[in-house]
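Asks: just need the structure, nothing else, for what follows:
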Amino acid sequence: MKNNKFLYFALTLISLVITVYILKTLRAIFIPLTFAVFLQFIFAPISRFLERKRVPGFLNVLIIVILILIIFTGIGSVIYASSSSFVTEYPKYEAKIISYIESIVIKFEVPAEEVSLYLKNKVNWFEIADKLSLSNVVSGTMGNFINFIIKLLLTVAFLVFIMTDRNKIFDRIGKVISQEKATHSKDVMKNIETQVKRYLVNKTIISFVTGLFGMLFVYLFGIDFVVISGFLLFILNYIPSLGSIVASAFPVIICFVQYGLGWKLVGISIALGSLQTVMGNFVEPKLMGTELNLSPLIILISLIFWFWVWGPIGMLLAIPITSALALIIKEIDSLKLISAMISSK
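Replies: Next comes the predicted model:
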């Protein structure tokens, strides 16, 4: 009996390692597939509405695909315009940044005279700045536009197959298992769809409002890169805690470089900090409630794990994926202990 348990544990562990390796290696396929699944959850109400209106299946799928392409085209246009503006305007800030770094390093190094002489004569600040230049990074990102289009088309292709085959899956399951188990599986999928859909919709609303007010504050304080600041506040807000800090840091740094130490730097820091506090501690809990039912430790671990597997995209998808997995684990009797450990209740 003990040998069987050990064998079961060993096989489970090996299976998990192989699964993670496959997810990490084939990320170019699994990331679009995951996006397609979540998009199917989000657009499921529209699809059902069209079904009730007796819209033919192929036309139903076509309408959803067109809506998604319009949305992604709009988002892509905003990213491209923001990146172009950033690349165009950023070089004028590089001299200021180099000057700030040089003055700070020289000021705090000991002995000051020798270090200052070394820094001025031996360290090529412009070479270092060029290697770390944000404009170069953004330009490289823009160079992957074709790759973005390919992944978008792959996501749409997965979505079409998922939507076309969605209802047939449960019919096939019902033929090989009992009707009771098939109904139970369908209920579990509906719970996952409801929870993930509610999270994504509410999080999108919260992120949009955060980005909108953030843009307003950046504009009122006369800070450059209004649109890209708002976009960062919007998109990084999907990453719990850490994302909002990183997004708020961008306009604060730009304000510091643009105006130096002064009332504007203090003002934008307080404004963005207050915005994140209100949205994160009052609005979001009120709107989101306790639907996710995940412990803070599990959220942190999932962010780290999915970042390691899929990079920054993994952090955006971490919470919906973990939430869906938690619902599945909850329905498996042998995994009740794990379900209790990851739950916030």
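
Asks: what's the pLDDT at the closest residue to residue 283 other than its chain neighbours?
Replies: Once flanking residues are discounted, residue 283 sits nearest to residue 206: 6.4 Å by CB to CB, 6 or more residues apart in numbering. Using the backbone N, CA and C atoms, a C-beta is placed for each residue, glycine as well. For residue 206, the pLDDT comes out at 88.

Asks: before we move on, what about the one 5 residues further on?
Replies: Looking at residue 211, its pLDDT is 91.

Asks: can I assume it is in contact with residue 234?
Replies: Yes: counting by CB atoms under 8 Å, residue 211 touches residue 234, with 3.3 Å between them.

Asks: give me the number of residues near residue 190?
Replies: 11 (other CB atoms under 10 Å).

Asks: on contacts alone, who are the packing partners of whichever strand or helix holds it?
Replies: Assigned by DSSP states H and E, residue 190 belongs to helix 179-220. Here helix 179-220 touches helix 27-52, helix 145-176, helix 226-235, helix 242-259, helix 263-278, helix 284-288, helix 312-330, going by 3 or more CB pairs under 8 Å, 6 or more residues apart in numbering; DSSP states H and E.

Asks: let me see the mean pLDDT of the one helix or strand residue 74 maps to.
Replies: Using DSSP H and E, residue 74 falls within helix 57-89. In this model, helix 57-89 has an average pLDDT of 79.

Asks: got the angle between that helix and helix 226-235?
Replies: The directions of helix 57-89 and helix 226-235 differ by 130 degrees, with axes from the mean of the first three to the mean of the last three CA atoms, to 10 degrees as the criterion.

Asks: tell me which residues in helix 57-89 are buried?
Replies: Within helix 57-89, the residues that qualify as buried are 60, 61, 64, 65, 68, 72, 79, 82, 83, 86, 87, counting by 16 or more other CB atoms under 10 Å.

Asks: okay but the first one is in contact with residue 53, surely?
Replies: What it means is residue 60. No: between residue 60 and residue 53 there is no contact under CB under 8 Å: 9.3 Å.

Asks: about what we covered before: which single one of the buried residues of helix 57-89 is nearest to residue 219?
Replies: Set against residue 219, the nearest of the buried residues of helix 57-89 by CB to CB is residue 82 (14.2 Å).

Asks: can you list the low-confidence ranges for the stretch 51-200 of the chain?
Replies: Along the stretch 51-200 of the chain, segments meeting pLDDT under 70 span 87, 89-91, 94-95, 97-146, 166-186, 188.

Asks: buried ones in stretch 318-332?
Replies: For stretch 318-332, by 16+ other CB under 10 Å, it's 318, 319, 320, 321, 322, 323, 324, 326, 327, 329, 330.

Asks: check stretch 31-40 too.
Replies: With burial defined by 16+ other CB under 10 Å, the residues of stretch 31-40 counted as buried are 31, 32, 33, 34, 35, 36, 37, 38, 39, 40.

Asks: gap between the last one and residue 165?
Replies: Read it as residue 40. 11 Å (CB to CB, to the nearest Å).

Asks: do the same with the third one
Replies: Counting by CB to CB, the separation of residue 33 from residue 165 is 13 Å.

Asks: anything in contact with each of the two?
Replies: Common contacts of residue 33 and residue 165 (CB atoms under 8 Å, 6 or more residues apart in numbering): none found.

Asks: ok so, going back, between the helix holding residue 190 and helix 263-278, how many degrees?
Replies: 160 degrees.

Asks: helix 179-220 vs helix 242-259, what angle?
Replies: Interaxial angle, helix 179-220 versus helix 242-259 (the same axes, to 10 degrees): 10 degrees.

Asks: helix 179-220 vs helix 27-52, what angle?
Replies: 100 degrees.

Asks: angles on the backbone of residue 311, please.
Replies: phi 70, psi -160 (degrees, to the nearest 10).

Asks: for it, which non-adjacent residue is spatially closest?
Replies: Leaving out its chain neighbours, the residue that sits closest to residue 311 by CB to CB, 6+ apart is residue 27, at 7.9 Å.

Asks: please report the distance of the one you found from residue 317.
Replies: 11 Å.

Asks: likewise for residue 298?
Replies: Separation of residue 298 from residue 317 (CB to CB): 15 Å.

Asks: would you convert the buried residues of helix 57-89 into CSV that also reports distance to residue 244?
Replies: Shown next, in CSV, are those (distance: CB to CB, whole Å):
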residue, distance to residue 244
60, 37
61, 36
64, 31
65, 32
68, 27
72, 24
79, 19
82, 19
83, 21
86, 20
87, 25
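
Asks: between these, which is closest to residue 151?
Replies: The closest of those to residue 151 turns out to be residue 72 (CB to CB; 10.3 Å).

Asks: is it true that that closest one touches residue 152?
Replies: Yes: between residue 72 and residue 152 there is a contact under CB under 8 Å: 5.7 Å.

Asks: domains for the protein, by residue range?
Replies: If you go by automatic domain parsing, the domain ranges for the chain are 1-90+135-176, 93-132.

Asks: ok, the closest residue to residue 65 other than its chain neighbours - contacts?
Replies: Leaving aside its chain neighbours, residue 65 sits nearest to residue 156 (5.7 Å; criterion: CB to CB, 6+ apart). Residue 156 makes contact with 36, 65, 68, 69, according to CB under 8 Å, 6+ apart.

Asks: no further queries at this time; thank you.
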